[in-house]
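Undergrad: how would this look folded up:
(one chain, ligands or ions: 1)
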Amino acid sequence: MKKSDPVTIVFFGASGDLAKRKLIPALFQLEQDDLLPKQTRIVGFARREKSHEQFRTEMEKAIIEFARSKPKIGSRELNAFTSLLYYHTGKYDNSKSFKDLKIFLDKLDEECGIPPGKGNRLFYLSTPPTVFCDIIAMLGQTEHIADHKDKNLWTRVIIEKPFGRDLKTARTLNKNILSVLDESQVYRIDHYLGKETVQNIMAFRFGNSIFEPLWDRRYISHVHITVAEAISVEGRSSYYDNTGALRDMVQNHMLQLLALVAMEPPASFAPNAVRNEKVKVLNAIPTIEVNEVDRHAVRGQYAAGTINGRSIPDYLREPGVKSNSVTETFVALKLHVDNWRWAGVPFYLRTGKALTKRLTEINIEFRQPPLALFRHAKSDEHKEIERMKPNVLSLRVQPNEGIRLSIGMKIPGPKMILQPTDMEFYYSKVFDVEPPKAYERLILDAISGDSTLFIRQDEVETAWTLIDSVLDGWADEKSPHIHLYRAGTLGPYAADEFITNDIKKLATF
Ligand code: BG6
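TA: Sure, this is the predicted structure:
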């Protein structure tokens, strides 16, 4: 990979969980793989007073705990990496903090022989969203942002989710950001796009000629996108109880998965070519009418149960959750993509916390053969034939990453009885390397100026338009109640019933 220009990376929210668990370990890994540009410096910015040394010691611990290739304490690699780290104490809405930061960054540049004002910057906003606008405004006011037209100098800003909590707040946020930055400098992150298996959706579709001719309403009956999690809210209730599964998972990760499955082949893999196609898909999804929401969505909330021997309390008894909360921890949603390719093909999205197990999978279910050739079989054979399963292509995003194609095969013997059989591919068996983590890939892309796997302004706003329509429906007092499900199960029975009944109504061929 081509090494990019030198850069100083500043991440705001340096004391937070994301920095410790994901960002610093990702940067450490990039350094190990010799992918960071020469003279990279990494500066953590947060409110708490801390020395550079204290920060380095804390991050060292985080690397030992969370890095992909766990290093030994005191190893040469670890020291080499932590010597790139610095810490700056400051307030997110205080211009002096940002002026001091500028002086400090210029000094770091100078040490590397870069003249003041000529250093590239990658700012990473991993703070609570309430301070996003303050930080951006301060960066603007204190002249941290290079002119985007300058070919020899760049400033890029990565913005974490949640990107607003509805269309209105997302628009305000975009307006504030774009009053300081050019869209080409903004990198709205969705870590699902950094997952190898998610990028492989595009490779699978557009790098092979076998499936693309079948990839439409003529051959595909419906699509399931499932993101199941076995974890509960686990200490994040102050965020989660104000958010819910629809905003937390569907607005971003799941609509991105849908867009990648449903998009047209882009003209190239240039950032805007890919993003244009994704936006077209999102725009083709009709918004759901307020009084129609119960025909498209089921929401659930977990009640006490057990997952792998671990007792989970009622969601309402989780510390920090309001005792009368109607926040959904599960959602099942039916969407259509009203375009030439997908008209009439439902996309069923399901996600939830405290479910049986962790599983992210996209199942593409093909239509049954047009003629049930074996329909004249008798008695017990007939039962087998009725049980004939359609072909299903499963793209397993995590865990046990891989691809499975289920096809009907004749069971050896005198009778014509078919059985679904799987053709499988697993990453772990085929490739002998551990794939990079999502954040490694995305930070590296931002350093090299590739925004293909980041979300554009129109994408985020279109996604919110869809989500708002469901939220408005749920806010309506006539909307059906939230369904309870036991932790450690597959979600509310009502969701299963809704999807199963809906599928029965689909034409088979
Ligand atoms: C985050 C959500 O964006 O994604 C979390 O805020 C969720 O609630 C997480 O647990 C899931 O990510 P992954 O990579 O573990 O599937």
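Undergrad: Which pLDDT value does the model give the residue in the stretch 1-150 of the chain positioned nearest to the ligand?
TA: Using CB to the nearest ligand atom, the single residue of the stretch 1-150 of the chain nearest to the ligand is residue 22, 9.5 Å away. (Each C-beta comes from the backbone N, C-alpha and C, glycine too.) The model reports residue 22 with a pLDDT of 95.
Undergrad: and if you look at residue 380?
TA: Reading off the model, residue 380 has pLDDT 57.
Undergrad: Also residue 17?
TA: You'll see residue 17 listed with a pLDDT of 91.
Undergrad: Residue 10 now?
TA: 98.
Undergrad: Give the closest residue to it in space, chain neighbours not counted.
TA: Ranked by CB to CB, 6 or more residues apart in numbering and with sequence neighbours excluded, the top spatial neighbour of residue 10 is residue 43, at 4.6 Å.
Undergrad: Am I right that that neighbour sits in a strand?
TA: Yes - under DSSP: H, G, I helix; E, B strand; the rest coil, residue 43 falls within a strand.
Undergrad: number of nearby residues for it?
TA: Using other CB atoms under 10 Å, residue 43 has 23 neighbouring residues.
Undergrad: still on that earlier bit, how about the residue nearest to the residue of the stretch 1-150 of the chain closest to the ligand when sequence neighbours are not counted, secondary structure?
TA: Spatial nearest neighbour of residue 22, excluding adjacent residues (CB to CB, 6+ apart): residue 439 at 4.8 Å. Secondary structure state of residue 439, per three-state DSSP, is helix.
Undergrad: wait, isn't residue 439 in contact with residue 192?
TA: No - in this structure residue 439 lies outside contact range of residue 192 using CB atoms under 8 Å: 11.4 Å.
Undergrad: Now do the contacts for residue 229.
TA: Neighbour list for residue 229: 351-355, 358 [criterion: CB atoms under 8 Å, 6 or more residues apart in numbering].
Undergrad: Please read the previous query as pertaining to residue 157.
TA: Here residue 157 is in contact with 122-125, 136, 139, 177, 181, 185-187 (CB under 8 Å, 6+ apart).
Undergrad: swap the cut-off to 6 Å and go again
TA: Going by CB atoms under 6 Å, 6 or more residues apart in numbering, residue 157 touches 123, 186.
Undergrad: my read is it is in a strand, agree?
TA: Yes - membership of residue 157 in a strand is supported by three-state DSSP.
Undergrad: those strands in the stretch 401-509 of the chain, which residues are they?
TA: Applying DSSP state E, counting those that start in this stretch to the stretch 401-509 of the chain gives strands spanning 402-410, 418-426, 483-486.
Undergrad: ranking those by burial, who's on top?
TA: Ranked by mean neighbour count, these are led by strand 483-486 with a mean of 19 (mean count of other CB atoms under 10 Å).
Undergrad: what does that one contact?
TA: For strand 483-486, the external contacting residues (CB under 6 Å, 6+ apart) are 300-303, 305, 491-492, 494.
Undergrad: Fine by me, we can end here.
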